[in-house]
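S.K.: Need a 3D model of the sequence below.
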Amino acid sequence: MGEISRGLENVEFACGAAQLLKGGYSEQVSSGIDVYSIQQPLGVVAGITPFNFPAMVPLWMLCNAVVCGNTFILKPSEKDPSASLFIARLLQEAGLPDGVLNVVHGDKEVVDAILEHPDIAAVSFVGSTPIARYIYEKGTSFGKRVQALGGAKNHMLILPDADIGAAADAAVGAAFGSAGERCMAISVAVAVGDVGDKLIEALKERLPRITIGPGDQPGNEMGPLITREHCDKVAAYIQSAQEQGAAVVIDGRDHRFEGDGFFLGVTLLDHVRPRMKAYDDEIFGPVLCVVRAASYDEGLRLIAENPYGNGTAIFTRDGGAARRFQFDVEVGMVGINVPIPVPVAYYSFGGWKTSLFGDTHMYGPDGIKFFTRSKVVTSKWPDPASSKVDLGFPTTA
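M.R.: Numbers count the residues shown, from 1 in each chain. As a prediction, the model looks like this:
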């Protein structure tokens with residue numbers, strides 16, 4: 001329900017996009033000369049979307065693309081293709097003309113066809129950093145406009161003055177919601193000063209309360225991972241962290257579940273350090289790493305040195321520290337006592353560094369900019385008083 005609600009925000013934003021599609025007008029920049037700009041569609045554009053939000057992410061793209069006057073090709077993840085077909089049928093029922101939205105299924109072969117096709121002007125992508133880099137480099141090599149959102153390793157900085165209960169509640173929801181399979185998941189909690197032990201105790205109290213099971217059954221708070229292969233990969237990160245010296249406070253591999261599904265329990269790792277695989281890599285699963293930092297500056301440096309720059313959060317009661325953090329931190333989306341700072345639809349979504357390839361963020365004003373191109377017109381007309389054409393009205397006052 002949350003995914004659908006956030007997707008519908010983008011539908012509503014696109015309905016008001018006329019305000020952003022206006023051009024500018026400058027009269028009499030020189031004698032008898034006016035200059036003005038107009039925004040025009042690109043033509044045929046495409047979106048390649050991930051498995052984790054099969055309804056929301058397509059709505060990030062196609063609403064702005066269509067309202068800007070483009071036709072849209074949607075290539076959803078082959079892991080959950082049905083949601084895109086359902087959206088397409090709803091839009092058809094709503095009266096969208098045939099051919100404006102086109103859903104194409106497939107894997108890498110279809111992606112490459114989209115990137116190479118000469119009639120597709122732009123490609124929007126959300127997924128992992130290696131694939132985002134591939135999409136961007138190949139798409140731009142064929143002359144396309146590309147925005148490719150990659151992976152993340154989102155840090156949450158917890159200062160000694162923070163409300164530990166609130167910070168722990170936020171970390172639980174942000175780390176384990178969607179089984180950690182989202183690019184805005186908090187995967188690293190940076191405990192500053194003496195707050196680490198208090199945070200660990202608060203998390204140990206909360207994590208056993210998470211109800212894990214099929215997502216279509218009421219009361220369950222965390223579902224399975226997407227595939228058996230990915231479930232095994234996440235479990236391997238837990239083993240790697242243990243071998244590299246991290247403390248496994250709660251081990252998700254110990255949980256047992258009845259029935260089908262690629263389930264893994266929640267995992268809490270303490271004393272994680274840079275250069276451990278569990279710290280350096282995007283795990284994309286229900287694993288929360290706690291890193292100890294002696295000071296605010298050390299915590300900030302950890303975030304700056306990480307190659308990802310998608311989202312981050314700070315938990316503190318100090319307004320000065322929060323204000324300093326929002327300017328200092330090198331990421332695209334910042335939360336202040338908010339663990340998952342996904343922007344509302346009238347701002348734009350996107351990170352920095354290897355979390356984004358391209359010049360524009362997703363949806364919002366940047367989405368309108370991405371799916372249009374500007375044209376500037378300089379015009380000069382003869383003085384009506386000197387015209388030999390009978391205009392049908394007096395040429396003098």
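
S.K.: what are the bridge partners for residue 314, then?
M.R.: Note on residue 314: beta-bridge partners residue 157, residue 336, judged by DSSP bridges.

S.K.: For it, give its distance to residue 180.
M.R.: When distance is defined by C-beta to C-beta, to the nearest Å, residue 314 is 21 Å away from residue 180. Backbone N, C-alpha and C define where each C-beta goes, glycine included.

S.K.: These two: who's more crowded?
M.R.: Between residue 314 and residue 180, counted using other C-beta atoms under 10 Å, residue 314 has the larger neighbour count: 29 against 24.

S.K.: Residue 337 is in contact with that one, correct?
M.R.: Yes - with contacts defined as C-beta atoms under 8 Å, residue 314 counts as touching residue 337 at a distance of 7.5 Å.

S.K.: list residues touching both of these two?
M.R.: Common neighbours of residue 314 and residue 337 are listed as residue 322 (criterion: C-beta atoms under 8 Å, 6 or more residues apart in numbering).

S.K.: how about the strands in the stretch 101-250 of the chain?
M.R.: 101-103, 120-126, 145-149, 154-158, 186-192, 247-250 (DSSP state E, counting those that start in this stretch).

S.K.: From the chain's centre, how far out is the fourth one? Work that out for me.
M.R.: What that stands for is strand 154-158. Computed by C-alpha atoms, centre = their mean, to the nearest Å, the chain-centroid distance of strand 154-158 equals 17 Å.

S.K.: The last one now?
M.R.: Using C-alpha atoms, centre = their mean, the distance from the centre of strand 247-250 to the centre of the chain it belongs to is 30 Å.

S.K.: immediately after that strand, which helix or strand?
M.R.: Tracing the chain past strand 247-250, the next element assigned as helix or strand by DSSP states H and E is strand 267-270.

S.K.: now what about that following strand, what contacts it?
M.R.: Residues from elsewhere that reach strand 267-270, judged by C-beta under 8 Å, 6+ apart: 196, 200, 203-204, 207, 238, 241, 246-253, 278, 286-290.

S.K.: Buried ones from these, can you make that a ChimeraX selection?
M.R.: With 16 or more other C-beta atoms under 10 Å as the burial test, the buried ones among these are selected in ChimeraX as follows:
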select :196,200,203,207,238,241,246,248,249,250,251,252,278,286,287,288,289,290
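
S.K.: what does the domain assignment say about the protein?
M.R.: For the chain, the structural domains run 2-150+355-379, 154-336, going by automatic domain parsing.

S.K.: now the ones you listed in JSON lines, with distance to residue 344?
M.R.: As requested, the domains of the chain are exported to JSON lines (distance: least, C-beta to C-beta, whole Å):
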{"stretch": "domain 2-150+355-379", "distance to residue 344": "6"}
{"stretch": "domain 154-336", "distance to residue 344": "12"}
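
S.K.: who wins for proximity to residue 346 among the ones you listed?
M.R.: Nearest to residue 346 among the domains of the chain is domain 2-150+355-379; the distance by C-beta to C-beta comes to 5.6 Å.

S.K.: Tabulate the domains of the chain in a markdown table, adding columns for mean pLDDT.
M.R.: A markdown table is the format used below for these (pLDDT from 0 to 100):
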| stretch | mean pLDDT |
| --- | --- |
| domain 2-150+355-379 | 96 |
| domain 154-336 | 96 |
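
S.K.: Which one, of those domains, ends up nearest to residue 342?
M.R.: With C-beta to C-beta as the yardstick, what comes closest out of those is domain 154-336 (5.6 Å).

S.K.: can you list contacts of stretch 17-35?
M.R.: Outside of stretch 17-35, the residues within contact range by C-beta under 8 Å, 6+ apart are 36-39, 64, 67-68, 365, 368, 372, 374, 376-381, 383.

S.K.: Pull out the buried members of these.
M.R.: Buried positions within the contacts of stretch 17-35, assessed by neighbour count (16+ other C-beta under 10 Å), are 39, 64, 67, 68, 365, 368, 372.

S.K.: what about the third one, distance to residue 355?
M.R.: I take that to be residue 67. Using C-beta to C-beta, we find residue 67 at a distance of 26 Å from residue 355.
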